[in-house]
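> can't give you the sequence, but here's the structure:
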């Protein structure tokens, strides 16, 4: 007895599906500060898939007994397994910096202008972390923290149009016990390995 069947042909149609990617919004600022020894209450973040709010996974801890800058990462995922994440920096600072203010105009030794702006106790925005001469697409802002009257911390962070940036060999210049300058090496493929020196004007 013989039997045969026709070969099943592949469908000429491509089956596709639409997925809605998660979006994450921080509930508060991207950098916050807390005084050493005090409790830190994480304001969190909100993950949405379209109009629907879903669970946000939180990783990272803040040791409020140790001065420094800590990173908290928030991650959300949709039903297809696609994820999105964002981060917040939390600076643990000495209460002695509450009335300190290092903001103002600075300049790199190559003449490039930098503006340091205070945005909270011990935390600042740097307008031109690379000390790049204008005009340039590499003039981008970053965050820093004054964790004690004489110590600055420049945390690893993601900078728009640049990517992840970290800082090494950080030191400060003091006058009468006050910070009047700082130095560091920028770690990022778009920047060289030179020690960059900045002085308050």
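Cool, the structure landed. Keep in mind it's a predicted model, so treat the numbers as computed, not measured. Numbering: from 1, shown residues only.

> pull the contacting residues for the residue nearest the centre of the chain.
Among the residues of the chain, residue 157 comes closest to the average C-alpha position under C-alpha atoms, centre = their mean, at 3.4 Å. Contact analysis of residue 157 by C-beta atoms under 8 Å, 6 or more residues apart in numbering lists 87, 89, 142-143, 164-165. C-beta coordinates here come from the backbone N, C-alpha and C atoms, glycine included.

> for it, phi and psi?
With angles defined as degrees, to the nearest 10, residue 157 sits at phi -160, psi 160.

> next one, pLDDT for it please.
Reported pLDDT at residue 157 in the predicted model: 97.

> who does it bridge with?
With DSSP bridges applied, residue 157 shows beta-bridge pairing to residue 165.

> any weak-confidence spans in this structure?
Scanning the chain for pLDDT under 70 picks out 1-16.

> domains of it?
Domains of the chain are assigned by automatic domain parsing as 22-93, 96-200.

> how far off centre is the last one?
The one in question is domain 96-200. 14 Å (C-alpha atoms, centre = their mean, to the nearest Å).

> got it, and stretch 91-102?
The chain centre lies 20 Å from the centre of stretch 91-102; the measure is C-alpha atoms, centre = their mean.

> got the end-to-end distance for it?
Stretch 91-102 has an end-to-end distance of 16 Å (criterion: C-alpha to C-alpha, to the nearest Å).

> do the same with stretch 23-43
Using C-alpha to C-alpha, the two ends of stretch 23-43 sit 17 Å apart.

> what residues does that stretch touch?
Under C-beta under 8 Å, 6+ apart, the answer for stretch 23-43 is 44-48, 56, 58, 62, 64-67, 72, 74-76, 84-95, 98, 119-123, 143, 145.

> do the same with stretch 53-65
Under the contact criterion C-beta under 8 Å, 6+ apart, stretch 53-65 has outside partners 22, 24, 34, 36-40, 42, 44-48, 70-78, 87, 90, 92.

> only the buried subset of the residues you listed, as a ChimeraX command please.
Typed into ChimeraX, the line below selects the buried ones among the contacts of stretch 53-65, using 16 or more other C-beta atoms under 10 Å:
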select :22,24,34,36,40,42,45,47,48,70,72,74,75,76,77,78,87,90,92
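
> of the contacts of residue 157, buried ones?
Taking 16+ other C-beta under 10 Å as the criterion, what is buried in the contacts of residue 157 is 87, 89, 142-143, 165.

> and the residue lying closest to residue 156 once chain neighbours are set aside, how far is that from residue 117?
Excluding the flanking residues, the one nearest residue 156 by C-beta to C-beta, 6 or more residues apart in numbering is residue 166, at 4.0 Å. Residue 166 sits 21 Å away from residue 117, going by C-beta to C-beta, to the nearest Å.
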